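Engineer: With the input below, show me the fold.
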Amino acid sequence: MADIPALTAEVESAARVLNTPAARLIAGSEERPLLLEEVETLLASKALVVDACRHVVRDAGTVVSLATRPVLFALARALGQAWPGDVPRSTLIARAFGAKHADASHRARLRVEVGRLRVELRTLADVSATKRGFALTPRRAREVAVLAPLVEEQHAAVLAFLADGESWSSSALAIALGASPRTVQRAFDSLAAAGKVQSFGRGRARRWMTPPVPGFPTILLLPGPLPSD
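Structural biologist: Residues are numbered from 1 along each chain as shown. Down below sits the predicted model:
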């Protein structure tokens with residue numbers, strides 16, 4: 001390799017990314033981190049994957065996006081994590097609607113949303129009723145796995161950009177995330193209060209950074225950008 005410091009640093013940074021966990025696998029009673037290579041292997045396998053990084057449900061031949069259907073994806077993920085078992089109706093209502101106490105209206109809405117989920121997943125799986133709730137049954141796949149981000153918190157996208165130790169201005173990160181500067185600044189303020197990021201410089205020269213932390217997902221596997229104002 002040419003003795004060029006900048007090139008050497010870039011190669012070392014890429015090597016760290018390839019050897020850093022990028023997501024979590026949740027399958028039955030197993031939960032473990034996956035490297036990027038392992039993620040690609042999972043996505044190319046014959047398993048039915050409920051991908052919580054991209055908000056899609058997929059097998060080797062078909063991809064169904066639920067990115068704009070958060071309620072349906074919440075149901076799909078709950079069913080995927082419980083496979084081959086079922087999920088109680090009360091649990092599905094709490095996951096999908098955030099309701100602590102299910103009433104008749106919640107149960108009616110759950111039936112409607114499960115019907116919509118059946119339609120969306122009809123080529124991949126069936127959602128069948130059980131005595132206590134619902135269960136997911138793949139049509140072609142022999143197993144079901146959930147691919148989840150390593151970090152699932154409000155400002156995970158910001159932390160992912162900072163995870164390699166690089167410093168960012170709030171305006172530059174806003175452009176990268178497709179969010180407003182105010183949204184990003186509020187995220188920085190919240191993370192700083194929690195001791196997860198730090199800043200240096202003032203005014204337009206102010207930058208934010210955090211030391212590299214093993215376990216943060218790469219930006220390639222995160223869902224959408226932060227919502228803008």
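Engineer: next SSE after the worst-scoring helix or strand of the chain on mean pLDDT?
Structural biologist: Least confident helix or strand of the chain, by mean pLDDT, DSSP states H and E, is helix 5-18 with a mean of 58. Once helix 5-18 ends, the next helix or strand along the chain (criterion: DSSP states H and E) is strand 23-27.
Engineer: buried ones in the longest helix seen in the chain?
Structural biologist: In terms of residue count, the longest helix belonging to the chain (DSSP state H) is helix 104-120. Going by neighbour count (16 or more other CB atoms under 10 Å), the buried part of helix 104-120 is 106, 109-110, 113-114, 117, 120. The way it works is simple: take the backbone N, C-alpha and C, and place the C-beta from them, glycine included.
Engineer: Equivalent analysis for stretch 25-40, please.
Structural biologist: The neighbour-count check on stretch 25-40 (16+ other CB under 10 Å) flags 25-27, 34, 36, 39 as buried.
Engineer: Residues touching stretch 94-105, excluding its own?
Structural biologist: 71, 74-75, 77-78, 89-90, 93, 106, 109-110, 113 (CB atoms under 8 Å, 6 or more residues apart in numbering).
Engineer: Give the next helix or strand downstream of the longest helix of the chain.
Structural biologist: The helix or strand immediately downstream of helix 104-120 is strand 125-129, counting by DSSP H and E.
Engineer: Show residues contacting that next one.
Structural biologist: 48, 57, 75, 79, 114, 117-118, 121, 134-139, 141, 144.
Engineer: can you check stretch 36-50 too?
Structural biologist: 17-18, 22-23, 25, 27, 34, 51, 57-60, 76-77, 79-81, 124-125, 136, 138, 140-147, 218, 220-221.
Engineer: give me the number of residues near residue 80?
Structural biologist: 26 (other CB atoms under 10 Å).
Engineer: give me phi/psi at it?
Structural biologist: Main-chain torsions, residue 80, degrees, to the nearest 10: phi -70, psi -40.
Engineer: For it, give me its contacts.
Structural biologist: 26, 48, 50, 57, 136, 144-146.
Engineer: all strands of the protein, in order?
Structural biologist: Using DSSP state E, the strands of the chain run over 23-27, 30-34, 48-51, 56-58, 63-65, 86-88, 125-129, 133-138, 144-148, 198-200, 207-209.
Engineer: Buried deepest among the ones you listed, which one?
Structural biologist: Each of those was scored by mean neighbour count; the highest is strand 48-51, a mean of 26, by mean count of other CB atoms under 10 Å.
Engineer: ok, it: who's next to it in the sheet?
Structural biologist: Sheet pairing for strand 48-51, assigned by DSSP bridges, gives strand 56-58 (antiparallel), strand 144-148 (parallel).
Engineer: Can you spell out the domain ranges of the chain, please?
Structural biologist: 24-148, 156-221 (automatic domain parsing).
Engineer: Switch those domains over to a markdown table; also include distance to residue 4 and mean pLDDT.
Structural biologist: What follows is those, written out as a markdown table (distance: least, CB to CB, whole Å; pLDDT from 0 to 100):
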| stretch | distance to residue 4 | mean pLDDT |
| --- | --- | --- |
| domain 24-148 | 25 | 93 |
| domain 156-221 | 19 | 77 |
